[in-house]
Structure formats: structure tokens, C-alpha cells
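In: A predicted structure for the sequence below; I have some questions about it.
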Amino acid sequence: MLFGDTSILKTHYDILEVKEDACLEEIRTCYRSAILNSNPDKMQKAAETSYPEHGTGDQFLEIQRAWELLGNIQSRGVYDIKLRALRQDAIGAEDVTFEDLTVKDVGDVVEFLYQCRCSDYYSIDSLELGEMGFVLSRDRSTISLQSRNALLASVVLPCGSCSLKVRLFFNTANTTLQRDHHL
């Protein structure tokens, strides 16, 4: 799955639970299985009877998007090229942890920054983190980040000005930053 200029380790292949070198028939089979398990009608019944193993409406849409992309030879080829390029970027990127970031808390959105050699910043905000499956909680002195998705471990962030990138690693359990860690 790709979000703008960042890459997330959960790919469309991961969503369908299929190997990257799978043939179209294998992808179709995995898609059908995944879509049946995350069908909104089935989920409604599961929610009524408290079956937490059934997916969410968002999961259903993710599966649909993954199939639309991987089920088409041309779009899959383009996706595979982009995926390889993002992985290559991750190999050459400097590694930083969430604890290395500076917090800029200006209301509803919290921005997390890491200064680049060019004096600009690598950045990610609380909205982007939410899209990636993280829950941000704040109190007077700390900001905590918890993962709802154990698969997510890192993201590649581009600098705002130059071509350098960093790979931001997350502690998949829980990360806490002091709130006075402002710019």
C-alpha cells in the first residue's frame, strides 16, 4: 500500500495474503477468499454476534483496491516497479526511530519532524499515522503512539527540499514522547 511519497511495509500482496510472484489465478483465489471474509453483510452479522475475526468496511475496500490493481497485468507491472523502487529507497535511507523526532503540536494535528542535512525537515503528521493504523493519545506532558497493526514497522520519508530520505522505525507496541519536545 502506498501513501503519497511514503512507503509502508504492508503491500497489496500482503492485503490479499498472496506471494509477490503469484500467478493471476492464485491472486484471484486469494482475493475471493479475502473478500468473502470481509464482506460488509457478513461483517454486519458478525458484529451482531461478536465475531471479531471478521474485517471492517475499510478492510473490504482495501481488498477491492488490491484486486483492482493486482488483477490487471499492466497496473500490476507498474505497481511492482514502484514497489521495488520504494524498497530500494528504504535500503539507502538513514534509519531513525520515532523517539528521534521532534514534536510540533499545534492543535488538532501533531506533526513529527526530523531535520535533514539540507536544513529542511522530514515530516509525518498524526493524520498520516492514523491512516497507517496508529492511534495517537495526548495528555499534558506526553504524546503516546500505539499500533493497531503489528505488521507496520517502518515508513520511508522524503525530505521536504532535497532528494534524501530516512526510514522511520516504529516500536510496534507503544511509543511515548515528552510533550515539551517542541520546536
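Out: Noted; the coordinates are in hand.
In: Could you pick out the longest helix of this structure?
Out: Using DSSP state H, we find that the single longest helix of the chain is helix 73-92.
In: how about that one as PDB, C-alpha atoms only?
Out: What follows is helix 73-92, C-alpha atoms only, in PDB (Å, rounded to 0.1, in the frame of the first residue of the first chain):
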ATOM      1  CA  ILE A  73      -1.400  -7.100 -15.700                       C
ATOM      2  CA  GLN A  74      -0.500  -3.500 -16.700                       C
ATOM      3  CA  SER A  75      -1.300  -1.900 -13.400                       C
ATOM      4  CA  ARG A  76       0.400  -4.800 -11.500                       C
ATOM      5  CA  GLY A  77       3.500  -4.200 -13.600                       C
ATOM      6  CA  VAL A  78       3.600  -0.500 -12.800                       C
ATOM      7  CA  TYR A  79       2.900  -1.300  -9.100                       C
ATOM      8  CA  ASP A  80       5.700  -3.800  -8.900                       C
ATOM      9  CA  ILE A  81       8.200  -1.300 -10.400                       C
ATOM     10  CA  LYS A  82       7.100   1.300  -7.800                       C
ATOM     11  CA  LEU A  83       7.300  -1.200  -5.000                       C
ATOM     12  CA  ARG A  84      10.900  -2.200  -6.000                       C
ATOM     13  CA  ALA A  85      11.900   1.500  -6.200                       C
ATOM     14  CA  LEU A  86      10.400   2.200  -2.800                       C
ATOM     15  CA  ARG A  87      12.300  -0.800  -1.300                       C
ATOM     16  CA  GLN A  88      15.500   0.400  -2.900                       C
ATOM     17  CA  ASP A  89      14.900   3.900  -1.400                       C
ATOM     18  CA  ALA A  90      14.500   2.200   2.000                       C
ATOM     19  CA  ILE A  91      17.800   0.400   1.600                       C
ATOM     20  CA  GLY A  92      19.700   3.600   1.000                       C
END
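In: Report the mean confidence score over that helix.
Out: Here helix 73-92 scores 79 as its mean pLDDT.
In: do the same with stretch 115-128
Out: So the average pLDDT for stretch 115-128 ends up being 90.
In: Check the offset of it from the chain's centre.
Out: Relative to its chain's centre, stretch 115-128 lies at 17 Å (C-alpha atoms, centre = their mean, to the nearest Å).
In: Check stretch 69-76 too.
Out: Using C-alpha atoms, centre = their mean, the offset of stretch 69-76 from its chain centre is 21 Å.
In: So which bits of it are buried?
Out: Of the residues in stretch 69-76, Leu69, Leu70, Arg76 count as buried by neighbour count, 16 or more other C-beta atoms under 10 Å. C-beta coordinates here come from the backbone N, C-alpha and C atoms, glycine included.
In: so how far is Ile63 from the second one?
Out: As for Leu70, its distance to Ile63 is 11 Å (criterion: C-beta to C-beta, to the nearest Å).
In: picking that back up, can you tell me what sits against the longest helix of the chain?
Out: Outside helix 73-92, the residues that touch it by C-beta atoms under 8 Å, 6 or more residues apart in numbering are 2, 7, 11-12, 20, 24, 68-70, 154, 156, 165, 167.
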